[in-house]
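Student: the following comprises the amino acid sequence and a computationally predicted model.
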Amino acid sequence: MAKGPGTYGSNADINATIQKFDQVTTWGAQHNVPVVLSEFGYTYKCEYNSRMCAYATVAEQAQLHNVSFLAWEDGGDFKFYNRTQHTWSEIKDVLIHTYKESPNKMSISAYGDTSIRIQWNNRTTLNDSIIVERRLDSTTFAFLAKIAPTASGFIDTTTSTEKVYYYRLRANLKDSIEIQSYPIMMRVLPISRAPYSGTPVSIPGIVECENYDIGGEGLTYHDSDEVNQGGFYRNDGVDIGQQAPGQYFVEDMAVGEWLEYTINVQQTGTYAVAVSYAATSAGGSFTLKFPSSVLPKSFTTSATNGWASFTHISKAIALSAGVQIMRLTISGGPEFHLDNITFSPVTLVNSEKAPLHFELLNNYPNPFNPSTNITFSIPSKNFVTLKMYDIIGREVATLFSGELEAGEYLQQWNAAGFPSGVYFCRLQAGDFVDVKKLVLLK
């Protein structure tokens, strides 16, 4: 049973499946033991076309090797039956109508600006025609065209941008047995992208993670499945959940998925980039890539107090002024939720004369609501962290984490999302550590 996201369909992948069937059936014959494939399945988090190819390959090889099989359906990650509407997905048809004569090696690609071309390999001449079926997004498959039995390609010119199209082939073998190809899908990309709100997000500022650019799969985002599993806010493949009415977050992102945002950096400089996230397990990772950066900046998450408990992780990133594309890429699991990304300038207050010693000053104003300024000095180049803790010592935010030259700096903390109470600001630069008390009063 496949349990993680991935791709399938190369000759090496299919040959590996064939070899596995060869091995187990040879063992069964040698030991006079019938072989049964008791459960197999592919999570919906796998890429759609790969998943359909994998189901078809296993179904075909099971028939060719006389192996009975059962497909796993759990209503969750391996679902293909809608328990509410009592309907089956196309996976059921793949399992029932895949034969060694079925068209295989399905491929799909853009053709011109909005058309789609599908291609395949024919494996029989015992049919009088091929029926091309299509469905759009969550609709059911319907007749699209009837073509010659020897055809190995078809171009659909009736498509439009920003829609997802699914195709499969159907034929009657010897006028009696229905054979089908496995389905294949593609999203028709728009010709251009656009910022979600119509204008680039101004930096300094806050990027809401659910407000990735308008454009579609492969252009402004990549998601391993085509459905918004969270069901909120936007109707495309990115999974979006809801914290409260009007408050959304990106959820359940898998390794390799990415989102892009158009931002407008007002001034060249170093910024504290704080990402708000929630995770039940530590070790998730992601990167932020900017045109001015040679390498993406990596972040690693820690466990928070549950999916509803968001905290911040921050790093220093040097940005060039101007409109640019920021890409957020998931680089490692386990999964986590992403709320927003805050860009705060790390202001060099005085660089004319290097400070004589390390110092963390009291914040001002104090008490404050919701923002306060924190000033600190470092006499030499150091790796600096500036973190916030609550009254019981839990880390609640990383305001800055990065290397700074000698100087006096000002960092702002916006605590709009935190409850009233006493907090502690901890500065560490090399071996120097200092802590100050802050009071948030709403």
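Tutor: In hand now; what should we look at? If you're wondering where the values come from, they're calculated on a predicted model, not measured in any experiment. Numbering: from 1, shown residues only.
Student: what distance separates stretch 178-198 from the centre of its chain?
Tutor: Its chain's average C-alpha position is 16 Å from that of stretch 178-198, according to CA atoms, centre = their mean, to the nearest Å.
Student: convert the C-alpha atoms of the lengthiest helix in the chain to PDB, please.
Tutor: Using DSSP state H to define each element, the chain has its longest helix at helix 11-31. These are the backbone C-alpha positions of helix 11-31, laid out as PDB (Å, rounded to 0.1, in the frame of the first residue of the first chain):
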ATOM      1  CA  ASN A  11       9.000   2.200 -17.600                       C
ATOM      2  CA  ALA A  12      11.200   1.500 -14.500                       C
ATOM      3  CA  ASP A  13       8.200   1.900 -12.200                       C
ATOM      4  CA  ILE A  14       6.000  -0.400 -14.300                       C
ATOM      5  CA  ASN A  15       8.700  -3.000 -14.700                       C
ATOM      6  CA  ALA A  16       9.300  -3.000 -10.900                       C
ATOM      7  CA  THR A  17       5.600  -3.800 -10.500                       C
ATOM      8  CA  ILE A  18       5.700  -6.600 -13.000                       C
ATOM      9  CA  GLN A  19       8.800  -8.100 -11.300                       C
ATOM     10  CA  LYS A  20       7.100  -8.000  -8.000                       C
ATOM     11  CA  PHE A  21       4.200 -10.000  -9.400                       C
ATOM     12  CA  ASP A  22       6.600 -12.400 -11.100                       C
ATOM     13  CA  GLN A  23       8.400 -13.000  -7.800                       C
ATOM     14  CA  VAL A  24       5.300 -13.600  -5.600                       C
ATOM     15  CA  THR A  25       3.600 -15.900  -8.200                       C
ATOM     16  CA  THR A  26       6.800 -17.900  -8.700                       C
ATOM     17  CA  TRP A  27       7.000 -18.300  -5.000                       C
ATOM     18  CA  GLY A  28       3.300 -19.400  -4.900                       C
ATOM     19  CA  ALA A  29       3.800 -22.000  -7.600                       C
ATOM     20  CA  GLN A  30       7.000 -23.400  -5.900                       C
ATOM     21  CA  HIS A  31       5.200 -23.700  -2.500                       C
END
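Student: and that helix, what does it pack against?
Tutor: If contacts are counted by 3 or more CB pairs under 8 Å, 6 or more residues apart in numbering; DSSP states H and E, helix 11-31 sits against helix 48-64. For glycine as for every other residue, the C-beta is placed from the backbone atoms N, C-alpha and C.
Student: alpha carbons only: can I get the helix it packs on in PDB?
Tutor: Backbone C-alpha positions of helix 48-64 (Å, rounded to 0.1, in the frame of the first residue of the first chain) are rendered in PDB as follows:
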ATOM      1  CA  TYR A  48      -3.500  12.200  -9.900                       C
ATOM      2  CA  ASN A  49      -2.100  10.800 -13.200                       C
ATOM      3  CA  SER A  50       0.500   8.700 -11.400                       C
ATOM      4  CA  ARG A  51      -2.200   7.300  -9.100                       C
ATOM      5  CA  MET A  52      -4.500   6.300 -11.900                       C
ATOM      6  CA  CYS A  53      -1.600   4.700 -13.800                       C
ATOM      7  CA  ALA A  54      -0.600   2.800 -10.700                       C
ATOM      8  CA  TYR A  55      -4.100   1.400 -10.100                       C
ATOM      9  CA  ALA A  56      -4.400   0.300 -13.700                       C
ATOM     10  CA  THR A  57      -0.900  -1.400 -13.700                       C
ATOM     11  CA  VAL A  58      -1.700  -3.400 -10.600                       C
ATOM     12  CA  ALA A  59      -5.100  -4.400 -11.900                       C
ATOM     13  CA  GLU A  60      -3.700  -5.600 -15.200                       C
ATOM     14  CA  GLN A  61      -0.800  -7.500 -13.700                       C
ATOM     15  CA  ALA A  62      -3.100  -9.100 -11.200                       C
ATOM     16  CA  GLN A  63      -5.200 -10.500 -14.100                       C
ATOM     17  CA  LEU A  64      -2.200 -11.600 -16.100                       C
END
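Student: pull out the buried positions in it.
Tutor: With burial defined by 16 or more other CB atoms under 10 Å, the residues of helix 48-64 counted as buried are 48-62.
Student: roughly how far apart are the residue positioned nearest the centre of the chain and residue 218?
Tutor: Nearest to the mean C-alpha position of the chain, counting by CA atoms, centre = their mean, stands residue 257 at 3.2 Å. Counting by CB to CB, to the nearest Å, the gap between residue 257 and residue 218 amounts to 12 Å.
Student: and if you look at residue 259?
Tutor: Distance check for residue 259 against residue 218: by CB to CB, it reads 12 Å.
Student: what's the answer for residue 332, then?
Tutor: Residue 332 sits 22 Å away from residue 218, taking CB to CB as the criterion.
Student: residue 204 now?
Tutor: Here the criterion is CB to CB. By it, residue 204 lies 30 Å from residue 218.
Student: please say which of these two ends up with more neighbours.
Tutor: When residue 204 is set against residue 218 and neighbours are counted by other CB atoms under 10 Å, the residue ahead is residue 204, at 15 against 12.
Student: per-residue pLDDT, the more buried one?
Tutor: At residue 204 the predicted local distance difference test score is 90.
Student: and it, what does it touch?
Tutor: Contact analysis of residue 204 by CB atoms under 8 Å, 6 or more residues apart in numbering lists 266, 271, 343-345.
Student: wait, residue 104 touches residue 119, no?
Tutor: No: applying CB atoms under 8 Å as the test, residue 104 and residue 119 come out as separate, 11.3 Å apart.
Student: between these two, which has more neighbouring residues?
Tutor: Between residue 104 and residue 119, counting by other CB under 10 Å, residue 104 is the more crowded of the two (20 against 16).
Student: please name the bridge partners of that one.
Tutor: The partner list for residue 104 in beta bridges (DSSP bridges) reads residue 121.
Student: contact partners for it?
Tutor: Counting by CB under 8 Å, 6+ apart, residue 104 makes contact with 56, 60, 120-121, 123, 181-182.
Student: check residue 390 too.
Tutor: Under the criterion of CB under 8 Å, 6+ apart, the contact partners of residue 390 comprise 396, 421-424.
Student: what does residue 70 give?
Tutor: The contact partners of residue 70, by CB under 8 Å, 6+ apart, come to 36-40.
Student: which one of those residues is nearest residue 189?
Tutor: Distance ranking of the contacts of residue 70 against residue 189, using CB to CB, places residue 40 first at 33.1 Å.
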